[in-house]
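Peer 1: Need a 3D model of the following:
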Amino acid sequence: MKLLIVNGPNLNMLGVREPDIYGRGTYADLCDRVGEVCRREGIEYEIVQSNHEGALVDAIQGAYGVCDGIVINPAAYTHTSVAILDALKAVALPAVEVHLSDVGAREPFRQVSYAGMACVKTIAGKGFDGYEEAVCYLRELLGAS
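Peer 2: Prediction:
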């Protein structure tokens, strides 16, 4: 089983960007955590981060026929990107949307998730633990042991 882990804009600034909202862990810490979880669960994985919408679309499209599922934190593109929604729908892989913060308790514009419309589950407000929950959910969903 192989998962694509997609991270959107500004996640590369974790630990620096609004630590009271996103925590003090760095992007490298997040990648290490995802890697530990995937190795523990016997899952192959690829992690992609970009501040550019098209690069995220390309990564999602590149998962077709290669990956079994997607964990995606579209970050700010959550609320704006029909292109990411369409890419998720095009590849038709089970995807779990993850947000470090509780977007439901934040600004009104953060209440709409285009990407989430193509996801089987959304996990928000659990910090790095949300990624672990997403990986384990997909493992169960896809029947990997």
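Peer 1: May I have the phi/psi pair for the spatially most central residue of the chain?
Peer 2: With distances taken as Cα atoms, centre = their mean, I72 lies nearest the centre of the chain, 2.0 Å away. Taking degrees, to the nearest 10, you get phi -130, psi 130 for the backbone angles of I72.
Peer 1: for V120, same thing?
Peer 2: According to degrees, to the nearest 10, V120 has phi -80, psi -20.
Peer 1: distance of the residue nearest to it when sequence neighbours are not counted from L88?
Peer 2: Nearest residue to V120, sequence neighbours excluded (Cβ to Cβ, 6 or more residues apart in numbering): P94, at 5.0 Å. All C-beta spots, glycine's among them, are computed from the backbone N, C-alpha and C. According to Cβ to Cβ, to the nearest Å, P94 stands 10 Å off from L88.
Peer 1: Which residue ranges of the chain form strands?
Peer 2: Applying DSSP state E to the chain gives strands spanning 2-7, 44-49, 69-73, 95-99, 121-124.
Peer 1: Could you pull out the helices in the chain for me?
Peer 2: Applying DSSP state H to the chain gives helices spanning 19-22, 27-40, 53-62, 82-91, 129-142.
Peer 1: Take those helices and lay them out in a markdown table including mean pLDDT, distance to V120 and mean neighbour count.
Peer 2: Shown next, in a markdown table, are those (pLDDT from 0 to 100; distance: least, Cβ to Cβ, whole Å; neighbours: other Cβ atoms under 10 Å):
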| stretch | mean pLDDT | distance to V120 | mean neighbour count |
| --- | --- | --- | --- |
| helix 19-22 | 81 | 24 | 12 |
| helix 27-40 | 98 | 18 | 16 |
| helix 53-62 | 98 | 15 | 18 |
| helix 82-91 | 98 | 10 | 18 |
| helix 129-142 | 98 | 7 | 19 |
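Peer 1: Tell me which of the ones you listed lies nearest to L11.
Peer 2: Closest approach to L11 among the helices of the chain (Cβ to Cβ): helix 27-40, 5.9 Å.
Peer 1: what number of residues lie near the closest residue to Y22 other than its chain neighbours?
Peer 2: Nearest non-adjacent residue to Y22, counting by Cβ to Cβ, 6+ apart: L100, 5.1 Å away. Residues near L100, counting by other Cβ atoms under 10 Å, number 23.
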